[in-house]
Each structure stands twice: as structure tokens, then as C-alpha cells.
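Asker: Compute the structure for the input listed below.
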Amino acid sequence: MDQYKAIIFDWDGTLVDSTDWVLGAHNHVRQFMEQPLWTKDDIFGCSSLSTRELYPEIYGDRAQEAMDLLSEYTTKYNLQGANPYEKAEALLLVLRGNGHYLGVVSNKRHEPLNEMVDHLNWREYFTSIVGAGYADRDKPSATPLLLSINEINRSMEPRDILYVGDTETDLLCAKNAGCDIAFIQTGGERPDLIRKYAPTYSFMTTKEFYSFCQEQKNEKTSKIA
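Answerer: Residues are numbered from 1 along each chain as shown. So this is what the prediction gives:
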């Protein structure tokens, strides 16, 4: 981990357990649009696209109406999804203590993302926060990740960054940007995605990634002593 100058995280499904919330938000739209409700498998099945790309494919000329419904739901119920994974904050503390810059690049809309960061009192951890709509394009484009790197330190290059995420969108984003990735298989084992993208690290949970980082810190401290 010492090879990286910054660790940048996805948000939903990586630091915060919001799968049920995300499912409820999309199903709010689908119910209004008189479409069959989604399951969690449906959510993970379309995870290679941002909402800005996905909704036109699904809802056609009603895509903007669907986006507005999703936005209204997010504004009203945003903080109900503020459920950090076990050891998520401890992970941020360990990495910051190791001297890493930290950032967030998420496809959650920029304003609700910032609202949730403040609600959790986590703003002090992050040098850069980039939500959907903040950059010209959202993940899986490299644009938001490269923007975050630039905000953290203009002299940093993609090879200096480890991106941490849980979906194919995140894997694609890191690949497009030229960054290493730690893949958190929150939705269950995904050997297909591991074969396809060959992530640098793979963990089943955020807690498991925390344990890995803590062990590395302990080994480093032991060598110094």
C-alpha cells in the first residue's frame, strides 16, 4: 500500500451499505413508470452504466422524467441510506494515519453525496469529493476519477492511486483512468469480473480490506521498532 499516494473510494456499496436504499429509489421510479420492480440482482446486473447512461436506455423519451423522480426521492430520503459498513471509518483512519490522501468518486449525485458525508462527520477525511454530475461525465468514464486526482494533487499520476469500489462500473472507471483497484465484492463473489478486469486486490467486505491495511500498518511499525 505504500506505493500509493492516495486512496480514492466509491461510496455506495463500498463505504456505506445502501443497497436496499438504492433498490428502493429505483423502484420508486419504476412503480411510477408502471414497470416491473427490480430485485437486488437486477441492480447488480446493470452496474456497468451510470444512471445518466442507463435511464435513457430503459425509459427512452421519458428518461428525464425518470431522472427527476429519482432526484426527488434522493432529496427526500437521502440520509436513510447513511449506514457505514463495519470498520469503514476505522479504515479511513488507518489510511490517513499512513499518510495517504483520501477521496471519494461516486455515481451518487454530488449534492446528496456531500450531505451524507457531512451527516457522518467524515469531511475531514477527504481531500476531494466527486459525485455524479460534478464532472462532465460519470463513471465508468475516467473523467470523474481523473478530476479527483487533480483536486488532490496536480502532480499525482494515475499510477499513484488505488481506487476502491464494488461494481463493474468501478472496475471500468479504474481501468479507463489507468489506476489500480481494490475490488470489494459486496454483492457476492464475482469471479467473472475478477477474470475480466484482474483487480490488484480483491476482498469480500470493507472490513476485510480494513484488516489487510491494519496488518500492513502493524508490520511496518514492527520493522521500524
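Asker: surely Leu92 meets Asn121?
Answerer: No: under the criterion of Cβ atoms under 8 Å, Leu92 is not in contact with Asn121, lying 11.3 Å apart. From N, CA and C alone the C-beta is placed, and that goes for glycine too.
Asker: Got the domain ranges for this protein?
Answerer: Domain ranges of the chain: 6-17+84-224, 19-81, per automatic domain parsing.
Asker: rank the ones you listed by mean pLDDT and give me the bottom one.
Answerer: Looking at those, the lowest mean pLDDT belongs to domain 19-81 (a mean of 86).
Asker: now do the same end-to-end measure for it.
Answerer: Terminal residues of domain 19-81 lie 8 Å apart, using Cα to Cα, to the nearest Å.
Asker: Tell me where this structure has helices.
Answerer: 19-32, 40-45, 51-59, 63-77, 88-97, 110-119, 143-152, 168-177, 191-197, 206-224 (DSSP state H).
Asker: Who has more neighbours out of Leu92 and Asn121?
Answerer: Leu92 (21 against 9; other Cβ atoms under 10 Å).
Asker: measure the more buried one to Tyr134 for me?
Answerer: According to Cβ to Cβ, to the nearest Å, Leu92 and Tyr134 sit 21 Å apart.
Asker: Just to check, Gln80 is in contact with Asp20?
Answerer: No: taking contacts as Cβ under 8 Å, Gln80 lies outside contact range of Asp20: 9.2 Å.
Asker: Tell me what angle the longest strand seen in the chain forms with helix 168-177.
Answerer: In the chain, assigned by DSSP state E, the strand with the most residues is strand 101-109. Going by axes from the mean of the first three to the mean of the last three Cα atoms, to 10 degrees, strand 101-109 is angled at 130 degrees with respect to helix 168-177.
Asker: How far off centre is strand 101-109?
Answerer: Taking Cα atoms, centre = their mean, to the nearest Å, the mean C-alpha location of strand 101-109 is offset from the chain mean by 6 Å.
Asker: oh, and call the first residue 378 from now on, that's how I've got it
Answerer: Okay, residue one is now 378; in that scheme the one you just asked about reads as strand 478-486.
Asker: And the contacts of that strand?
Answerer: 382-389, 392, 427-428, 448, 451, 469, 472-473, 490, 493-494, 502-510, 515-516, 521-522, 525-526, 528-530, 540, 546, 550 (Cβ atoms under 8 Å, 6 or more residues apart in numbering).
Asker: try it again with 6 Å
Answerer: 383-389, 427, 490, 502-510, 515-516, 521-522, 525, 529 (Cβ atoms under 6 Å, 6 or more residues apart in numbering).
Asker: Provide the strand pairings for that strand, with the direction of each partner.
Answerer: The strands beside strand 478-486 in its sheet (DSSP bridges) come out as strand 383-386 (parallel), strand 505-509 (parallel).
Asker: Can you say which of those is nearest to Tyr578?
Answerer: Tyr578 lies closest, by Cβ to Cβ, to one member of the strands paired with strand 478-486: strand 383-386, at 11.1 Å.
Asker: Restricting to C-alpha, output that closest one in PDB.
Answerer: Provided in PDB are the C-alpha atoms of strand 383-386 (Å, rounded to 0.1, in the frame of the first residue of the first chain):
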ATOM      1  CA  ALA A 383      -3.900   8.500  -2.500                       C
ATOM      2  CA  ILE A 384      -6.700   6.100  -1.900                       C
ATOM      3  CA  ILE A 385     -10.000   7.100  -3.600                       C
ATOM      4  CA  PHE A 386     -13.200   5.300  -2.700                       C
END
